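Engineer: Structure, please.
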Amino acid sequence: MRAFLLLFLLFPVLELYVFFKVSTAIGFFPALLLIIAGSMLGVLVVRVAGLATALSARESLNRGELPAEQMLHGLMMALGGGLLVLPGFISDVAGLLLLLPPVRSLLVNRLRKRAQEQAIRQRAFADEFDVPTRPGSHTPLGREPNVIEGEFEHRDK
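Structural biologist: Numbering: from 1, shown residues only. Have a look, this model is predicted:
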């Protein structure tokens, strides 16, 4: 959490530093035009990625498959477009990397492996808490339900 906060605070400073270095190398207005062009490209990518993801998900559903991988690829493309929309060269480079299919595939595979490991871990813990039940009953073996038998008499006043 602390590292995330530190990154959150340092990221704008790094973006300004890189913008200053690029603007001294190529000039202020060309650097500003690059930032604006990157943002416009990001908006276009977000729109196209959303539509493409929706169409491929619908196609997968029509085939009777779950569109999990297409959704993850679409999410990565949308994240890349969002990073392109942010002003700055560092976020633009990260966004462009997410738009490359090999990088997206690598990240999707890592996310899938991590999700599978998490599911296996959760299943392992869930099995420890399963208690065998009596056949035809929801009462666990070795336990009787908390029922107190008795009689009552209704008295009117």
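
Engineer: Go through the top helix by length along the chain and flag the buried ones.
Structural biologist: Scanning the chain for the helix with the most residues, using DSSP state H, yields helix 28-62. For helix 28-62, burial by neighbour count (16 or more other Cβ atoms under 10 Å) applies to 31, 34-35, 38-39, 41-42, 45-46, 49, 53, 56-57, 60. Just so you know, the C-beta spots here come from the backbone N, C-alpha and C atoms, and that holds for glycine as well.

Engineer: Turn those residues into TSV, including distance to residue 121.
Structural biologist: Shown next, in TSV, are the buried residues of helix 28-62 (distance: Cβ to Cβ, whole Å):
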residue	distance to residue 121
31	47
34	45
35	43
38	40
39	41
41	40
42	36
45	35
46	34
49	32
53	29
56	30
57	28
60	28
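
Engineer: what's the closest non-adjacent residue to residue 54?
Structural biologist: Once flanking residues are discounted, residue 54 sits nearest to residue 74: 7.9 Å by Cβ to Cβ, 6 or more residues apart in numbering.

Engineer: name the helices or strands packed onto the helix or strand encompassing that neighbour?
Structural biologist: Using DSSP states H and E, residue 74 sits within helix 68-85. Counting contacts by 3 or more Cβ pairs under 8 Å, 6 or more residues apart in numbering; DSSP states H and E, helix 68-85 packs against helix 28-62, helix 89-99, helix 101-129.

Engineer: how about JSON lines for the ones you listed, with distance to residue 20 added?
Structural biologist: Converted to JSON lines, the helices and strands packed on helix 68-85 look like this (distance: least, Cβ to Cβ, whole Å):
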{"stretch": "helix 28-62", "distance to residue 20": "9"}
{"stretch": "helix 89-99", "distance to residue 20": "11"}
{"stretch": "helix 101-129", "distance to residue 20": "28"}
